[in-house]
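> A structural model of the following input is requested.
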Amino acid sequence: MNVLGGFLRARRETITPSEVGLPTGTRRRTPGLRRGELADLAGISVEYLTRLERGRDRHPSAQVLGALADALGLSSHERVHLHRLVKAGSGMTCPATAPLPVRPTVLAMLDRLEPTPAFVADAQGDVLASTAGFRWLAAPVGLLDADQPNLTRFVFGDPRARTVFPDWERVADERAGALRAAADLGDGAAAVLAEELSITAGTEFGRRFSASAVLPSGTGVERWRHPEAGELRLAYESLTVPGDEDHRLVVYLPADATTSHTLSSHALAHTS
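Next up, the predicted model:
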């Protein structure tokens, strides 16, 4: 798979000429920047950029990657991702292994977070462990119905997700982007799930997965429509868990006074 070229092309097509100080023009056959425009901005030849995007050259120098990252306006996180894509495309990553269990110390940390909604997930979005606070949030909406709950499969495969997430389009973009990032870096389970969703969810997933060029944010605000508690605005922090497991800890906090009151009321009921 030409994951590096796919990322470069997808990101190029999301940038408008005006964003980089170029005239928009009236006769553009391609979305975003033309290949020649990006090559000029990065100071490389259009022929070389073509080879990168088509997978004919998968070993660009760090200088070339830095120039492309500057031209594409990549964040520091995305620059690291770009470098890792080069390794993944050249077969330098380790093969996929069976999912590793959540470490006892991380489980103990989840216990200390109660009753805050929090969970641990792997790269493909499997929910591996959670607090009772998260189960109170997620169980009534159906997210935990499966034997192995998966965030991305729920967003694209369960019709209830569009009700749960009023901003479903943005949440779907984030989940597809996270899965694309994991699959591109050689996570076999993520690649298998992406193939599954390409079939079961069709173009709603496929077009997002193919066009994904921006890594999901590790922080932000999600709106949830809870069947018992009403609409909640939850600020989240997604933190990498150190170690070889490739796990993330996601913690939800109230983003407004109404949500704070709702979560406090639940916490009071939980402890009484």
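> looking at this protein, which helix or strand is least sure?
Least confident helix or strand, the chain: helix 76-89 with a mean of 80, by mean pLDDT, DSSP states H and E.
> Show me what it is packed up against.
Counting by 3 or more Cβ pairs under 8 Å, 6 or more residues apart in numbering; DSSP states H and E, the packing neighbours recorded for helix 76-89 are helix 3-12, helix 62-72, helix 168-184. (Each C-beta comes from the backbone N, C-alpha and C, glycine too.)
> Just the buried positions in that helix, please.
78-79, 81-82, 84-86, 88-89 (16 or more other Cβ atoms under 10 Å).
> ditto for stretch 221-230
222-224, 226, 229.
> swap in stretch 156-169?
Buried, per 16+ other Cβ under 10 Å, within stretch 156-169: 156, 158, 161, 164-165, 168.
> Please apply the same query to stretch 3-13.
3-13.
> do the same with stretch 35-47
Buried residues in stretch 35-47 (16+ other Cβ under 10 Å): 35, 37-42, 44.
> Can you list the neighbours in contact with it?
12, 17, 20, 22, 33, 48-50, 53, 64, 67-68, 70-72 (Cβ atoms under 8 Å, 6 or more residues apart in numbering).
> Mind picking the two most distant members of those?
The most widely separated members of the contacts of stretch 35-47 are Pro17 and Val64, with 22.1 Å between them, by Cβ to Cβ.
> Where does the prediction get shaky in the stretch 51-200 of the chain?
Along the stretch 51-200 of the chain, segments meeting pLDDT under 70 span 89-99.
> circling back to that earlier point, now the buried residues of stretch 3-13 as CSV including distance to Ser198 and pLDDT?
Below are the buried residues of stretch 3-13 laid out as CSV (distance: Cβ to Cβ, whole Å; pLDDT from 0 to 100):
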residue, distance to Ser198, pLDDT
Val3, 16, 88
Leu4, 21, 90
Gly5, 19, 92
Gly6, 14, 91
Phe7, 18, 92
Leu8, 21, 93
Arg9, 18, 92
Ala10, 16, 91
Arg11, 21, 92
Arg12, 23, 92
Glu13, 20, 91
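> Closest one of the residues you listed to Arg29?
The closest of the buried residues of stretch 3-13, once distances to Arg29 are taken by Cβ to Cβ, is Glu13, at 11.8 Å.
> Would you confirm that the closest one contacts Arg29?
No. Counting by Cβ atoms under 8 Å, Glu13 does not reach Arg29; the two are 11.8 Å apart.
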